[in-house]
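Enquirer: pasting the structure only:
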């Protein structure tokens, strides 16, 4: 099957960016990728052969002040 994920980010404009991370188990391998934003953003991604998806958000830089990791698929 195919997994489609749509995400939203809201952060104060200026200062440090917000970062959303995704960890995806696809095709027998783990893949990790991220997206950053400043202000408001809507993003989406999709993939075939996805078995698991985890996500978490960092609010004070790419690796700082990160929240809990959640399994979303």
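Expert: Thanks, I have the structure now. Predicted model, so just to flag it, every value in this text is computed and none were measured.
Enquirer: give me the buried positions along the host helix or strand of residue 8.
Expert: Assigned by DSSP states H and E, residue 8 belongs to strand 2-10. By 16 or more other C-beta atoms under 10 Å, the buried positions in strand 2-10 come out as 3, 5, 7, 9. For every residue, glycine as well, the C-beta is placed using N, CA and C.
Enquirer: for residue 41, list each beta-bridge partner.
Expert: Beta bridges link residue 41 to residue 9, judged by DSSP bridges.
Enquirer: now the strands for this protein?
Expert: Using DSSP state E, the strands of the chain run over residues 2-10, 18-26, 29-37, 40-48, 50-58, 70-71.
Enquirer: residue 69: neighbour count?
Expert: Other residues near residue 69 number 12, with proximity taken as other C-beta atoms under 10 Å.
Enquirer: ramachandran angles for it?
Expert: The phi and psi values for residue 69, taken as degrees, to the nearest 10, are phi -90, psi 130.
Enquirer: and the pLDDT for it?
Expert: With respect to pLDDT, residue 69 has a value of 98.
Enquirer: look up how far residue 58 lies from it.
Expert: 11 Å (C-beta to C-beta, to the nearest Å).
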